[in-house]
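# give me coordinates for this.
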Amino acid sequence: MSNLGFLPAWAAALHLAIELVLIVRVLLRPYRDPAARIAWLVVLVSLPLVGILLYLLLGETSIGRRYTSRMRAVLAALPEPAAVATATAPADRVAHLFKMGASINGFGPVAGNDFEFPDGADAVIDSLVADIDAAHDHVHVLFYIWLVDRNGRRVAEAIMRAAARGVTCRVMVDAVGSRGLLKSALWQDMGAAGARLGVALPVGNPALHVFVGRVDLRNHRKIVVIDNRTTYAGSQNCADAAFAIKPKYAPWVDTMLRFRGPVARQNQHLFISDWMTYGGDDCSALLDEAIPAASGEVVAQAIGTGPTGRYSAAPELICSLLHAARDNLTITTPYFVPDDALCLALCSAAYRGVKTRIVFPARNDSKIVAAVSRSYYAELMAAGVEIHEFRPGLLHAKTLTVDDDITLLGSTNLDRRSFDLNYENNLLLHSRPLNAAVRARQARFIADSDVVTAEAVRAVTRPRRAWRNALAMLGPVL
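The predicted structure follows:
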């Protein structure tokens, strides 16, 4: 146990009692891998007082009993996910992937979606503003980060125009990611114009929040649904590419696709479940409306994950996709802190002859994550994985393409925060034209990247290598 000689006897006894309770909790907590248990035991035993505080702040993934109970009640009252849109039997070769996706939320794959792929942050906002201006019934928007910048104002002004002409506008943001907006006059202006406003995962007093739930669990989703038939999915927040809160890493480079078709109803289900959990009005009747006739050729499936959902759902899906690759596999992600299964799946793909490429930003806004990511370079490259580092800004796009017809895109990073702590949303897509469009965008990212060479990895000094590996050990704790 910890050395507590600096504490009075009664305080040392209290500390040891609390420490023992937490050690037992670490050992009995379900769905925790052995590495995480060992890491937390080391923290609790070796760091007097600090270890207890760290565990109370970061040790468990709970949003609190109040919101957990409310979310479960909301989901139980909504129509069954399988009834939201009529499922389509996908091609036999990919059926098992969509079955895995369906096991997470209950959404089946739905055909008949068409897509557009705006090029760049401003083009995405142009498209979104045009759709909001054309809305006739409702606009639903959820962003993790919404900045009070040019693009943030453009979307807010479009929502205010829509509300003024009688369109029901529901706007939701994460309490931490969009804290600047929540303190701004723009947020108040949207409410005054008639938009209904909601805040996901409010923090309140951070010092007291530890008794409610983990303070750093966030809603990282990016969901837009307009008139029950148009939706957006991808990595872009409601902001300029210049990203004013972290300008030295700009431009932030994202991918965001626009879809029309039945998959919008599945994103609607995700939005409504979040909206009603945090006190929004009951808009569940929208899920009962008839779905318009389908016209596109994209088979799509919405997938929402989070700390109140099935444990390990996101990495299980991603590993299934990696194991399904036969010819080529390309991934773009800004944050890479993999678990063992994901790392092994990547190496396995390369070892069996799949052309496997990963694109990271050359300059990451998190130095710790960048160091951890690079601690895996040697292992991945030894297996034959190509690693590229994107130069002209922070590559924030989260894309995964498998062969020539499977694509996964959305808000999920390949790190433990996205896997365990954040609420995320993605689309699993089966379409050759869409896959080709995403792969073409990935090829542009690769063209603007430097190839990481074996020589460069070998040239890393031992102290730096030791530092990176030490940080990687913190993955199970954080």
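# so after the helix or strand containing Val124, what's the next helix or strand?
Assessed by DSSP states H and E, Val124 sits inside helix 121-134. Next helix or strand after helix 121-134 toward the C-terminus (DSSP H and E): strand 138-143.
# Arg154 versus Ala164, what's the distance?
From Ala164 over to Arg154 the distance is 16 Å, taken as C-beta to C-beta, to the nearest Å. The way it works is simple: take the backbone N, C-alpha and C, and place the C-beta from them, glycine included.
# compare those two (neighbour count), which wins?
Arg154 (18 against 12; other C-beta atoms under 10 Å).
# distance of that one from Ala95?
Applying C-beta to C-beta, the value for Arg154 to Ala95 is 41 Å.
# any idea how far the helix holding Val124 is from the chain center?
Chain-centre distance of helix 121-134: 22 Å, with C-alpha atoms, centre = their mean, to the nearest Å.
# elements contacting it?
Applying 3 or more C-beta pairs under 8 Å, 6 or more residues apart in numbering; DSSP states H and E, we find helix 121-134 packed against helix 150-164, strand 222-226, strand 230-234, strand 256-260.
# list of residues touching the longest one?
For helix 150-164, contacts defined as C-beta atoms under 8 Å, 6 or more residues apart in numbering pick out 121-122, 125, 128-129, 132-133, 135, 139, 141, 146, 169, 171, 181, 186, 189-190, 193-195, 238-240.
# ok, of those, which come out buried?
Buried by 16 or more other C-beta atoms under 10 Å: 121, 125, 128-129, 132, 135, 139, 141, 146, 169, 171, 181, 186, 190, 193-195, 238-240, out of the contacts of helix 150-164.
# ok, which stretches of the stretch 351-478 of the chain are helices?
Ranges of helices within the stretch 351-478 of the chain are 367-374, 377-383, 416, 432-447, 454-458, 462-472, based on DSSP state H, counting those that start in this stretch.
# just the CA trace of the second one, in CSV.
Pointing back at helix 377-383 there. What follows is helix 377-383, C-alpha atoms only, in CSV (Å, rounded to 0.1, in the frame of the first residue of the first chain):
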residue,chain,number,x,y,z
TYR,A,377,5.0,3.0,-36.0
ALA,A,378,7.8,0.3,-35.8
GLU,A,379,5.4,-2.5,-35.1
LEU,A,380,3.0,-1.5,-37.8
MET,A,381,5.7,-0.9,-40.4
ALA,A,382,7.4,-4.2,-39.7
ALA,A,383,4.1,-5.9,-40.7
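# where does this protein dip in pLDDT?
Within the chain, the stretches with pLDDT under 70 are 1-7, 206-212, 475-478.
# what helix or strand is the nearest residue to Ile23 once chain neighbours are set aside on?
Distances taken as C-beta to C-beta, 6 or more residues apart in numbering place Leu44 nearest to Ile23, at 5.8 Å, with adjacent residues excluded. Using DSSP H and E, the element containing Leu44 is helix 34-46.
# right, and the helix or strand after that helix?
For helix 34-46, the succeeding helix or strand toward the C-terminus, using DSSP H and E, is helix 50-58.
# got the buried residues for the helix or strand following that next one?
Counting by DSSP H and E, the element after helix 50-58 in chain order, helix or strand, is helix 65-77. Neighbour-count burial for helix 65-77, counted by 16+ other C-beta under 10 Å, picks out 67, 70-71, 74-75.
# swap in stretch 311-328?
Residues 312-322, 324-325 are the ones in stretch 311-328 that count as buried (16+ other C-beta under 10 Å).
# run through who's touching it.
With C-beta under 8 Å, 6+ apart, stretch 311-328 has contacts from 30-31, 94, 96-97, 100-101, 103-104, 303, 305, 329, 339, 341-342, 345-346, 348-349, 354-357, 400-404, 406, 408, 412, 414, 418-419, 424, 428.
# now it: how far from the chain's centre is it?
On C-alpha atoms, centre = their mean, the centre of stretch 311-328 falls 16 Å from that of its chain.
# tell me the domain ranges of this structure?
9-58, 65-89+116-296, 313-472 (automatic domain parsing).
# to Gly108, which of those lies closest?
The minimum distance between Gly108 and the domains of the chain falls on domain 65-89+116-296, with 2.7 Å, by C-beta to C-beta.
# and the end-to-end length of that closest one?
Counting by C-alpha to C-alpha, to the nearest Å, you get 42 Å between the two ends of domain 65-89+116-296.
# how far away from the center of its chain is it?
Centroid displacement of domain 65-89+116-296 relative to its chain, using C-alpha atoms, centre = their mean, is 14 Å.
# stretch 60-68 too?
Counting by C-alpha atoms, centre = their mean, stretch 60-68 comes out at 18 Å from the chain centroid.
# which residues sit in contact with the residue nearest to Phe243 when sequence neighbours are not counted?
Nearest residue to Phe243, sequence neighbours excluded (C-beta to C-beta, 6+ apart): Trp252, at 4.5 Å. The contact partners of Trp252, by C-beta under 8 Å, 6+ apart, come to 121, 239, 241-243, 246, 393-394, 396.
# what's the closest of those residues to Asp448?
Nearest to Asp448 among the contacts of Trp252, with distances taken as C-beta to C-beta, is Gly393, at 9.0 Å.
# from Arg352, how far out is the spatially most central residue of the chain?
A centroid search over the chain (C-alpha atoms, centre = their mean) returns Thr412, at 3.1 Å, as the residue closest to the centre. Between Thr412 and Arg352 the computed distance is 24 Å (C-beta to C-beta).
# Ser235 too?
Taking C-beta to C-beta, one finds Ser235 at 29 Å from Arg352.
# swap in Ala121?
37 Å.
# do the same with Ala300
Ala300 is 28 Å from Arg352, by C-beta to C-beta.
# neighbour count for these two, which is higher?
Ranked by neighbour count (other C-beta under 10 Å), Ala300 and Arg352 place Ala300 first, with 32 against 13.
# is the more buried one in a helix, a strand, or coil?
At Ala300 the chain is in strand, as set by DSSP: H, G, I helix; E, B strand; the rest coil.
# skipping its backbone neighbours, what lies nearest it in space?
Spatial nearest neighbour of Ala300, chain neighbours left out: Val263 (3.9 Å); criterion: C-beta to C-beta, 6+ apart.
# and for that neighbour, the neighbour number?
Neighbours of Val263 (other C-beta under 10 Å): 31.
# need the contact list for it.
Contact analysis of Val263 by C-beta under 8 Å, 6+ apart lists 85, 110, 113, 231, 298, 300-302, 427.
# cutoff 7 Å now
Residues near Val263 by C-beta atoms under 7 Å, 6 or more residues apart in numbering: 110, 113, 231, 300, 302, 427.
# ok, now Ala302?
For Ala302, the contacting residues are 107, 263, 266-267, 270, 425, 427, by C-beta under 7 Å, 6+ apart.
# gap between stretch 22-35 and the chain center?
25 Å.
# ranges for the strands of the stretch 201-350 of the chain?
222-226, 230-234, 252-253, 256-260, 298-305, 328-332, 336-337 (DSSP state E, counting those that start in this stretch).
# out of those strands, flag the one nearest Asp365.
Here strand 252-253 is closest among these (C-beta to C-beta), at 8.9 Å.
# output the longest helix belonging to this protein.
helix 9-28 (DSSP state H).
# packing partners of that helix?
Contacts defined by 3 or more C-beta pairs under 7 Å, 6 or more residues apart in numbering; DSSP states H and E place helix 9-28 against helix 34-46, helix 50-58.
# and it with helix 34-46, angle?
Using axes from the mean of the first three to the mean of the last three C-alpha atoms, to 10 degrees, the direction of helix 9-28 lies 180 degrees away from that of helix 34-46.
# before I go, just wanted to say thanks for your time.
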